[in-house]
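J.: Sequence first, predicted coordinates after that:
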Amino acid sequence: MSGASGVEIIEDPEDARLADYREIRDAERRLRSGTFIAEGRLVVRRLLSAGRYRVRSALVTPPALHALGDALAAAGVPAYLVRQDTVEAVVGMEFHHGCLAVGERGAGPTAEAILAEPRCEQLVVLEGLGDSSNVGALFRNALAFGVGAVLLAPGTADPLYRKAIRVSSGATVAMPFARLADWPNDLKRLRDAGYTVVALTPRAEALDIGELGAGRPLPARLALLLGTEGRGLSAEALVASDLQVRIPMAPEMDSLNVAAAGAVALHWLSRIKSRT
């Protein structure tokens with residue numbers, strides 16, 4: 001049955017048109033199909049406005065359609081209108097966001113294309129962050145503080161994993177990113193592209209990040225390198241960086257969660273940049 005233009009009313013949870021929305025927690029299935037799931041009105045709206053990915057369809061309850069109908073219609077995205085109980089029958093769990101959308105991954109930008117972009121003055125580089133929540137939070141931080149793109153070293157979780165997208169408030173579908181394959185030799189490629197590689201570490205011998213923009217000029221192009229929790233950055237990555245910086249803190253605590261540390265560092269860098 002069809003409703004308004006671009007909207008199809010579906011009452012049967014087994015309807016073939018809803019196949020993309022089944023088993024949404026199966027990350028391997030998503031990778032095989034070349035798709036990802038965005039959930040929630042804010043995230044779906046960001047997915048539509050960013051225009052980085054083709055949106056195959058949206059699954060909406062009546063309140064979500066009321067909020068997003070115009071945006072979906074403007075983007076030419078088919079909307080499947082269902083009841084709340086139908087959504088839960090399809091996805092196999094309680095679901096309260098009222099809106100899902102299926103995006104197609106596509107090829108995505110290469111690291112070479114990102115490094116060649118003259119307007120991309122600041123990068124975030126993630127090494128070995130296997131926790132999708134931390135990846136999502138760091139993408140959110142990066143988007144909030146004007147970072148141009150994120151580069152991912154081997155071992156870093158998929159930014160288009162459902163949880164990463166959700167934690168990032170949709171930043172992972174808006175922020176360009178690419179994977180690096182030859183690690184840590186890739187850091188030389190960043191340097192050749194004009195970036196100063198700045199490693200964030202709690203090591204006592206590292207430079208106080210407050211010195212950047214004060215006693216030491218802020219590089220014109222900067223790549224902030226962040227490592228996994230616990231182990232931190234690898235010794236190889238630290239050696240390959242141009243500069244090691246730390247966030248000073250009280251002696252009772254020697255480190256921060258990587259997402260929190262990234263937020264502090266990016267906030268400081270954005271403040272310094274705004275003064276220049």
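T.: That came through, no problem.
J.: Low-confidence stretches in the chain?
T.: Where the chain drops to pLDDT under 70, the residues are 1-5, 93-94, 96, 276.
J.: quick one: the strands in it?
T.: With DSSP state E as the criterion, the chain has strands at 7-9, 35-39, 54-60, 79-81, 99-104, 122-127, 149-152, 177-179, 196-200, 207-208, 222-227, 243-246.
J.: and those as JSON lines, adding distance to E28 and mean neighbour count?
T.: Just so you know, the C-beta spots here come from the backbone N, C-alpha and C atoms, and that holds for glycine as well. Formatted as JSON lines, the strands of the chain follow (distance: least, CB to CB, whole Å; neighbours: other CB atoms under 10 Å):
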{"stretch": "strand 7-9", "distance to E28": "29", "mean neighbour count": "15"}
{"stretch": "strand 35-39", "distance to E28": "12", "mean neighbour count": "23"}
{"stretch": "strand 54-60", "distance to E28": "19", "mean neighbour count": "21"}
{"stretch": "strand 79-81", "distance to E28": "24", "mean neighbour count": "23"}
{"stretch": "strand 99-104", "distance to E28": "16", "mean neighbour count": "23"}
{"stretch": "strand 122-127", "distance to E28": "21", "mean neighbour count": "26"}
{"stretch": "strand 149-152", "distance to E28": "18", "mean neighbour count": "23"}
{"stretch": "strand 177-179", "distance to E28": "18", "mean neighbour count": "19"}
{"stretch": "strand 196-200", "distance to E28": "32", "mean neighbour count": "23"}
{"stretch": "strand 207-208", "distance to E28": "42", "mean neighbour count": "14"}
{"stretch": "strand 222-227", "distance to E28": "26", "mean neighbour count": "26"}
{"stretch": "strand 243-246", "distance to E28": "37", "mean neighbour count": "20"}
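J.: Just to check, L143 is in contact with V173?
T.: No. Using CB atoms under 8 Å, L143 is not in contact with V173; the gap is 10.3 Å.
J.: Quick one: neighbours of D254, just the number.
T.: Neighbourhood size, D254 [other CB atoms under 10 Å]: 11.
J.: Looking at L143 and V173, which one has more neighbours?
T.: Between L143 and V173, counted using other CB under 10 Å, V173 has the larger neighbour count: 26 against 18.
J.: related to what we said a few turns ago, and of the strands of the chain, who's closest to L48?
T.: Closest of those to L48 is strand 54-60, at 6.5 Å (criterion: CB to CB).
J.: So what angle separates the directions of the closest one and strand 35-39?
T.: Orientation check (axes from the mean of the first three to the mean of the last three CA atoms, to 10 degrees): strand 54-60 against strand 35-39 gives 40 degrees.
J.: May I have strand 54-60 as CSV, with CA atoms only?
T.: Extracted C-alpha coordinates of strand 54-60, given in CSV (Å, rounded to 0.1, in the frame of the first residue of the first chain):
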residue,chain,number,x,y,z
ARG,A,54,23.8,7.3,-1.2
VAL,A,55,20.8,6.5,1.0
ARG,A,56,19.0,3.5,-0.2
SER,A,57,15.8,3.9,2.0
ALA,A,58,14.5,5.0,5.3
LEU,A,59,12.3,3.1,7.8
VAL,A,60,10.1,5.5,9.8
